[in-house]
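Visitor: Mind folding the following:
(one chain, ligands or ions: 1)
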Amino acid sequence: VVERLHACSGALPPFSVEFSPPRDGAAESRLWRAVRVFEGMRPAFVSMTYGAGGSTRDRTVRVTGELAEQTTLLPVAHLTAVGHHIGELRSMVGAYADRGIRNILVLRGDPPGDPTGEWRRHPGGVEYADELVRLVCELGDFHVGVASFPEGHPRSPDLETDTKYLVGKLRAGAEYSITQVFFDVEHYLRLRDRVAAADPVEAMKPIIPELMPITSLRSVRAMLRLSGSALPSDLERRLTAAAGDGPEENRAAVREVGIEVATVMAQRLIDEGVPGLHFITLNFAKATGEVLANLGYGARGGGVGVASA
Ligand code: FAD
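Guide: This is a model prediction of the structure:
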């Protein structure tokens, strides 16, 4: 991943996208349509989530493997520690390696059932993501990324403690982090400053901001309940006004605001010199594609300029 970020030769930083394993045949066709659209736009990498509580384990392995085998994309597989003993975590890493996947985003995950409930380590598993980073790095030649939280992880007592543990994950061997989604660029800039103050050497590692073009107010609210991120009040007001007060939200109007906001945020991040832009796509290419087009990707030579996996 880091090599791909550095290989960027265009005027714009490289971009990357996040997919999720599809639930059924229709969702699988939709995912592959999005994959083929993005493939033509040459993202630096594509990531595949690992369902809450390890619920999509087999699908994540299968689909990420297919991305490695059947596309020119560089896939990054997410892996969480939830519900797995060390032996299972080792064999998951082995399953990725067997499919040629060397890039893993290592996460602790949230408790199964109620994700805001009490976290309980699997008796034979790991407590925090830094332990899983060490485990994966010990298993071979893997490139590991971790999560970072511009507004702090919801279970962290304060931002300084949160930053200390992020730095711990980087020192354990992670080569970069991808942030939780956020809607105020200042949160990202402050995270970057905190990491620089905590450890100037680890701060050289890319902190890739994650963006999500909002297309539904209801779904973004549901997502934010878990993430520890918040909608700034002026954006919340704009989106609520756009959604209207009918029984169904006005998706077209919400989407228009969402795309404009994501474009403005991304442009500001580009101006701030970010190493890349990572987009949550929900397996749709259209909204992210519009944001990228607004920013000049395609027209101004964005992308990494590397076609092979
Ligand atoms: P950790 O880094 O272990 O942190 C968990 C908490 O413990 C934090 O409060 C932290 O400050 C604290 N902590 C960390 N290390 C220590 C330590 N050594 N000692 C004491 N306290 C410590 N979830 C999924 O289920 N599947 C996914 O595919 C997925 N993808 C994600 C992608 C991104 C980019 C992000 C930002 C999150 C993703 N998540 C995913 C959510 C993630 O699993 C949760 O946010 C989870 O609660 C925290 O994971 P973590 O890896 O940051 O945990």
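
Visitor: Verify the stated contact: residue 68 with residue 76.
Guide: No: Residue 68 is beyond contact range of residue 76, at 10.4 Å (criterion: C-beta atoms under 8 Å). Placement of C-beta: from N, CA and C, glycine included.

Visitor: mind listing the helices for the stretch 51-200 of the chain?
Guide: 57-70, 86-98, 129-139, 159-171, 185-198 (DSSP state H, counting those that start in this stretch).

Visitor: sorry, back to before: give me the more crowded residue out of residue 68 and residue 76.
Guide: The neighbour comparison of residue 68 against residue 76 (other C-beta atoms under 10 Å) goes to residue 76, with 25 against 19.

Visitor: Which residue, other than its chain neighbours, is closest to residue 169?
Guide: Spatial nearest neighbour of residue 169, chain neighbours left out: residue 146 (4.3 Å); criterion: C-beta to C-beta, 6 or more residues apart in numbering.

Visitor: Model confidence for that neighbour, exactly?
Guide: As summarised for this prediction, residue 146 has a pLDDT of 98.

Visitor: Please determine how far it is located from the ligand.
Guide: Distance of residue 146 to the ligand, given as C-beta to the nearest ligand atom, to the nearest Å: 6 Å.

Visitor: residues contacting that residue?
Guide: Residues in contact with residue 146 (C-beta atoms under 8 Å, 6 or more residues apart in numbering) are 105-107, 129, 133, 166, 169-170, 174, 176-178.

Visitor: Same list, those residues, but only the ones touching the ligand.
Guide: The residues of the contacts of residue 146 that also fall near the ligand, by C-beta under 6 Å from any ligand atom, are 107, 129, 169, 178.

Visitor: And those, which is closest to residue 9?
Guide: Distance ranking of those against residue 9, using C-beta to C-beta, places residue 178 first at 22.0 Å.

Visitor: sorry, back to before: is it possible to get a markdown table of the ones next to the ligand among the contacts of residue 146 that adds distance to residue 17?
Guide: Shown next, in a markdown table, are those (distance: C-beta to C-beta, whole Å):
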| residue | distance to residue 17 |
| --- | --- |
| 107 | 18 |
| 129 | 22 |
| 169 | 23 |
| 178 | 11 |
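
Visitor: would JSON lines of those residues with neighbour count be doable?
Guide: Listed next are these as JSON lines, based on neighbours: other C-beta atoms under 10 Å:
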{"residue": "107", "neighbour count": "21"}
{"residue": "129", "neighbour count": "25"}
{"residue": "169", "neighbour count": "26"}
{"residue": "178", "neighbour count": "24"}
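
Visitor: What does the residue of the stretch 201-309 of the chain found nearest the ligand show for phi and psi?
Guide: Going by C-beta to the nearest ligand atom, the ligand is nearest to residue 210 of the stretch 201-309 of the chain, at 5.4 Å. With angles defined as degrees, to the nearest 10, residue 210 sits at phi -100, psi 130.

Visitor: which residues touch residue 161?
Guide: Counting by C-beta under 8 Å, 6+ apart, residue 161 has no contacts.

Visitor: Check residue 77 too.
Guide: Residue 77 makes contact with 47-48, 50, 60-61, 64, 96, 101, 103-105, according to C-beta under 8 Å, 6+ apart.

Visitor: which residues sit in contact with the closest residue to it other than its chain neighbours?
Guide: In space, and not counting its chain neighbours, residue 77 is closest to residue 64: 4.4 Å by C-beta to C-beta, 6+ apart. Contacts for residue 64 (C-beta under 8 Å, 6+ apart) come out as 48, 75, 77, 96, 99, 101.

Visitor: Might you enumerate the residues of the stretch 1-150 of the chain proximal to the ligand?
Guide: Residues of the stretch 1-150 of the chain lying near the ligand (C-beta under 6 Å from any ligand atom): 49-50, 52, 78, 80, 107-110, 128-130, 147.

Visitor: Done for today, thanks.
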